[in-house]
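Visitor: Structure for the following, please:
(2 chains)
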Amino acid sequence: DGGITQSPKYLFRKEGQNVTLSCEQNLNHDAMYWYRQDPGQGLRLIYYSQIVNDFQKGDIAEGYSVSREKKESFPLTVTSAQKNPTAFYLCASSIQGTSGAKNIQYFGAGTRLSVL
Amino acid sequence: DAKTTQPTSMDCAEGRAANLPCNHSTISGNEYVYWYRQIHSQGPQYIIHGLKNNETNEMASLIITEDRKSSTLILPHATLRDTAVYYCIVENYGQNFVFGPGTRLSVLP
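Guide: This is a model prediction of the structure:
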């Protein structure tokens, strides 16, 4: 099946610990995105990548880091600098981040991160 | 970013059409309108998108006004499984989607 796989589904972080959320896609999409969603809120963009080995900060990048070494993978690290990491994290991909059908984003099932 | 305004919540009877409005009065140029929905604790699901003409697919219809300042998503025969938060998004070419709070649609038996 083609799609976006996020793992793990649930993740717990201890104080001062870095954790990494996995996002893999086999859709051959160039663009990938990470969003954060807090309860009852919309999605906020953390980081995005339009092409391998390149990525840009979104609206709330502080305390997060990413890498894009392979087209199909876009892992997100939640660092200890992120003081309020408890949220639902969503990864998405699109053919290209341009316009029309190429800009349709397809989402994974999400990772729910909690702080112990 | 082109801003959208949606009602906070709506109810619809099962089997009836659900009409979800969205205002995007600052839309310009060749910006597309996209609709997504998010069922509780899942990732958003793409529904439909359009530019100027009305669009229909197996999930829904999208009606865009002639001046493009508003649109309506129509679910022709709503079922209980259509209960979700529906997001209307206007792209800003080359920029990223802005997901607002959306409309919480409750389909009632």
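
Visitor: So B:S25, which state does it fall into?
Guide: Counting by DSSP: H, G, I helix; E, B strand; the rest coil, the backbone at B:S25 sits in coil.

Visitor: so what's it up against?
Guide: Counting by Cβ atoms under 8 Å, 6 or more residues apart in numbering or on different chains, B:S25 touches B:K69, B:S70. To be clear about C-beta, it is placed using only N, CA and C from the backbone, and glycine gets the same treatment.

Visitor: roughly how far apart are it and B:D67?
Guide: Distance from B:S25 to B:D67, counting by Cβ to Cβ, to the nearest Å: 9 Å.

Visitor: okay, now A:Q25: neighbour count?
Guide: 22 (other Cβ atoms under 10 Å in any protein chain shown).

Visitor: Report the contact partners of it.
Guide: Neighbours of A:Q25 in contact, by Cβ under 8 Å, 6+ apart: A:G3, A:I4, A:T5, A:M32, A:E72, A:S73, A:F74, A:S93, A:Y106.

Visitor: so who does the closest residue to chain A within chain B touch?
Guide: Nearest to chain A, among the residues of chain B, is B:G43, at 3.4 Å (Cβ to the nearest Cβ). The contact partners of B:G43, by Cβ under 8 Å, 6+ apart, come to A:I4, A:L90, A:A92, A:F107, A:G108, A:A109, A:G110.

Visitor: could those residues be laid out in a markdown table, adding pLDDT and distance to chain B?
Guide: Shown next, in a markdown table, are these (pLDDT from 0 to 100; distance: Cβ to the nearest Cβ, whole Å):
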| residue | pLDDT | distance to chain B |
| --- | --- | --- |
| A:I4 | 97 | 8 |
| A:L90 | 97 | 5 |
| A:A92 | 96 | 8 |
| A:F107 | 97 | 3 |
| A:G108 | 97 | 5 |
| A:A109 | 96 | 5 |
| A:G110 | 97 | 5 |
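
Visitor: now, which of those lie within helices?
Guide: Secondary structure from DSSP state H places none of the contacts of B:G43 in helices.

Visitor: Could I get these in a markdown table, plus columns for neighbour count?
Guide: Listed next are these as a markdown table, based on neighbours: other Cβ atoms under 10 Å in any protein chain shown:
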| residue | neighbour count |
| --- | --- |
| A:I4 | 23 |
| A:L90 | 27 |
| A:A92 | 27 |
| A:F107 | 22 |
| A:G108 | 22 |
| A:A109 | 15 |
| A:G110 | 22 |
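
Visitor: among the residues you listed, which are in strands?
Guide: A:I4, A:L90, A:A92, A:F107 (DSSP state E).

Visitor: For A:G63, grab the count of nearby residues.
Guide: The number of residues near A:G63, taken as other Cβ under 10 Å, comes to 15.

Visitor: do A:V66 as well
Guide: Using other Cβ under 10 Å: A:V66 sits among 22 other residues.

Visitor: do the same with B:Q45
Guide: Residues near B:Q45, counting by other Cβ under 10 Å: 14.
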